[in-house]
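**Q** one predicted model, sequence on top.
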Amino acid sequence: MSDSDSSSHGGAEYKTFRQITRERLLYEMLRSTKSKKDSKAPWKVLIMDKVALRIMSSSCKISDVTDEGVSLMEDLHKRRQPMPAMDAIYFMQPLKENVAVFLSDMSGKRPLYRKAYVFFSSPASKELVSHIRCDASVVPRIGALSEMNLEYFAIDSQGFITDHERALEELFAENAENSRKYNACLNTMAIRIATVFASLREFPYVRYRAAKSSLDASTMTTLSDLVPTKLAAGIWNCLARYKTAIPDFPQRETCELLIVDRSVDQIAPIIHEWTYDAMCHDLLNMEGNKYVHEVLSKSGTVEKREVLLEDHDPIWLELRHAHIADANERLHEKMTNFLSKNKAAQIHHDSRDGAELSTRDLQKVVQALPNYSEQIDKLSLHVEIAGKINKIIKELGLRDVGQLEQDLVFGDAGTKEIIEFLRKNQDVTRESKLRLLMIYASMYPEKFEGDKGEKLMQLAKLSDDDAVAISNMRFLGGTDTKKEESGGVFSLKFDVHKKKHAARKERNNEGETWTLSRFYPMIEELIEKLAKDELPKNEYQCMNEPNPTFHGTLQSSSLRASPVHSAHSMRSRRTATWARRRCSDDGYSSDSVLRHASSDFRKMGQRIFIFIIGGATRSELRAIHKLTEKLKREIIIGSTSLDDPPQFITKVKMLGVEELSIGDLEI
């Protein structure tokens, strides 16, 4: 068995995470099956299981696949027509049931295909390989048998998921400790995360949030508290195998990996995030990145059209991380400039006012029309989306809700303000009140002890189902007050009699900000501390921590990721030439830095990976793009899933199987 031997290290060109993922699938897998002797390579069939299909579709377009000689894509587990004159490429998980189907396809006197090229998405067991080799009729028909070691799903140019939608329930629920799914979930997760490092040829320092029992001997250890520790151990075991099995895999550390779970920030998945991307997914009932809108057809009828809000849309790329108010301004500016500069748009606009078109004008329309049609469609789409969002914000009174949410998080509001808001705003939606009280419960668990919690529920007019979501925040309980005293990252307690404590510290060095843009996810602070090597060693332990006597020496620093000042000194700060520099909600350009990669990226510091067990948020995705530019290091975020607030709340409701009192919550 062999593995592809490309490496992200030592090459002449720096390739980003998504570039490497795409090129491995297209070139190292599909293109490798082409015969060098035959210039007119025959078309092939690509056969995938459901996981492999999702991996492929998350990184490649259909046109990419057909360009590599694939004429047909088939489902491994569906009945297929025999094509004995064609070769087949199998891309699948190394599972017994998958191999059984493959052997059935290719064995006997009449196989379905002429030759088979088999690529496993993750390491295959020796038993499975032996099972294939034992079939004498199949072996001569195998053109390749390889481990691709690529079993993750790219969701962004700098993000991936392991597709464990039920990770919260299987790892943190009340009955998780007695569930067989607990170990199965962690094992698959570890394998899939490890394949990210196999693809990028990276060998990380594996850091993880330590269990509370390792910090405080009086704390009882639970399986849910050990999740980051167990996942770190699973990833470490996979990496140890890769060091001996994969050619050119690094033998020394090349990057940093930090593993945390959702307890590190219970607020980010619930709070209203005011960027364009987050509000689209929070308020518009989108299915993934699919947005459905109504357009007027050429025949004059109204029809529904689906569009994908993804990287291929330059307007989406520019606006997705901008504050909604900033996005509105930019769209207005773009539309005004477009109408003033584009002849077709200008004449079309003038003709609406009754002006007659001359022959010369018509010629100008024809010349400009192809550009006009495409650009006006994209601009109109985003103007429509932003308009819908603004209307919903106004109708639901979200500005007042958002203001109170952020005042709570930054310690400028408390019980009095919550009660006053609930009394005065009876028309606020049930979901907004639920999210507000979930934030409140994560910060003030003691306020829900006994009758106090019930009175708040009654005042908010929440259902028993909503009460379950609030009480289940206990399962995501993270840092306690002891950790705060020992120099922890943040406190979830609020003591009005002492110095004000809050879930977030004010960050006044981020440049000009818009209203309601103070909030930031905790991973921002963690990544910055990791980059400076300032994470508390007892709270964030390392599987392969170097000998402390070597810290600070030339030998040690050459192995470890460059600190912030070193990363900055490696290159001059550049200003993008493709867009006017402006101050967005976070003080940085909201466009994806890595989409406009240049020679500067070859000089970037070592990569930083952060993995969040229990679902990542849009605000966290935005944060890693921002920090990539700030730290001049490609930061890649991974998670079990990417959740919008409604999805996350549903998952939290599934954590408890019985009615629970939040008074029992230990934070």
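**A** All right, it came through fine.
**Q** pretty sure D248 sits against F203.
**A** No: with contacts counted by CB atoms under 8 Å, D248 stays clear of F203, the gap being 11.1 Å. C-betas here are computed from N, CA, C, even on glycine.
**Q** which ones are touching I132?
**A** Applying CB atoms under 8 Å, 6 or more residues apart in numbering to I132 gives the contacts 99, 102-103, 118, 138-139, 142, 145.
**Q** between D248 and F203, who's got more neighbours?
**A** F203 (20 against 13; other CB atoms under 10 Å).
**Q** nearest spatial neighbour of the more buried one, skipping sequence neighbours?
**A** With CB to CB, 6 or more residues apart in numbering as the criterion, F203 has its nearest non-adjacent residue at 4.0 Å, and that residue is P250.
**Q** what's the burial count for the one you found?
**A** When neighbours are counted by other CB under 10 Å, P250 comes out with 19.
**Q** for T275, grab phi and psi.
**A** When read as degrees, to the nearest 10, the backbone of T275 gives phi -90, psi 160.
**Q** what score does the residue nearest to it when sequence neighbours are not counted have for pLDDT?
**A** Leaving aside its chain neighbours, T275 sits nearest to H321 (5.5 Å; criterion: CB to CB, 6+ apart). At H321, the pLDDT value in this model is 95.
**Q** can you check K537 too?
**A** Here the pLDDT value assigned to K537 is 92.
**Q** which non-adjacent residue is nearest it?
**A** E545 (7.7 Å).
**Q** sticking with that neighbour, tell me its helix or strand.
**A** Assigned by DSSP states H and E, E545 belongs to no helix or strand.
**Q** what's around it, how many residues?
**A** Quick note: E545 (other CB under 10 Å) scores 12 neighbours.
**Q** would you mind measuring from it to E256?
**A** 12 Å (CB to CB, to the nearest Å).
**Q** any residues in contact with both of those two?
**A** With CB under 8 Å, 6+ apart, E545 and E256 have common neighbours Y205.
**Q** I'd like the average pLDDT over the longest strand along the chain.
**A** Ranked by residue count and defined by DSSP state E, the top strand of the chain is strand 605-613. Mean pLDDT, strand 605-613: 96.
**Q** for it, packing partners?
**A** Packing contacts for strand 605-613, counted by 3 or more CB pairs under 8 Å, 6 or more residues apart in numbering; DSSP states H and E, involve helix 181-200, helix 227-245, strand 255-261, helix 522-531, helix 618-631, strand 633-639.
**Q** W514 - that's part of a helix, no?
**A** No: going by DSSP: H, G, I helix; E, B strand; the rest coil, the assignment for W514 is coil, not a helix.
**Q** grab the nearest non-local neighbour of it.
**A** H323 (4.2 Å).
**Q** give me the number of residues near the one you found?
**A** Neighbour number of H323 under other CB under 10 Å is 23.
**Q** any idea how far E256 is from it?
**A** In terms of CB to CB, H323 sits 30 Å off from E256.
**Q** nearest spatial neighbour of the residue most central in space within the chain, skipping sequence neighbours?
**A** Nearest to the mean C-alpha position of the chain, by CA atoms, centre = their mean, lies G159 at 4.3 Å. With CB to CB, 6+ apart as the criterion, G159 has its nearest non-adjacent residue at 4.9 Å, and that residue is I637.
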